[in-house]
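**Student:** Need the 3D shape of this:
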Amino acid sequence: MFTNYFLKVLKLAIIIVNASYFAGMFWLIFCELTLFFSKEEAFLEISKIYEVKPLFDPKLQCKDSYKLVGSEIG
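**Tutor:** So this is what the prediction gives:
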């Protein structure tokens with residue numbers, strides 16, 4: 001009888017330790033990713049990976065934008 005309860009308690013303890021280990025690993029990975037992908041770093045990392053130009057470049061100006069309107073009318 002003693003060994004039966006001991007094995008059940010041991011099995012429960014192993015399940016609890018296993019579940020807390022995986023929950024801790026998930027939390028650690030989540031924290032590392034949120035620290036890595038802050039708002040400033042995310043834009044820099046995405047730009048490095050995909051080599052994307054910024055959406056707004058202040059050096060470019062719309063001097064000839066009126067030509068597009070006339071050509072679209074046909």
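**Student:** When you work out contacts or count neighbours from here on, use the C-alpha atoms and nothing else.
**Tutor:** Noted.
**Student:** per-residue confidence at Phe26?
**Tutor:** For Phe26, the pLDDT comes out at 94.
**Student:** same deal with the one 4 residues further on?
**Tutor:** Per-residue confidence at Phe30 stands at 88 (pLDDT).
**Student:** so which helix or strand takes in it?
**Tutor:** helix 2-36 (DSSP states H and E).
**Student:** Please pull out the lowest mean pLDDT helix or strand from the chain.
**Tutor:** helix 65-73 (a mean of 51; mean pLDDT, DSSP states H and E).
**Student:** For this structure, give me the ranges with low pLDDT.
**Tutor:** 39-42, 49-74 (pLDDT under 70).
**Student:** Repeat the analysis, applying 90 as the threshold.
**Tutor:** Applying pLDDT under 90 to the chain flags the ranges 1-2, 29-74.
**Student:** Which helix or which strand is home to Phe43?
**Tutor:** helix 39-50.
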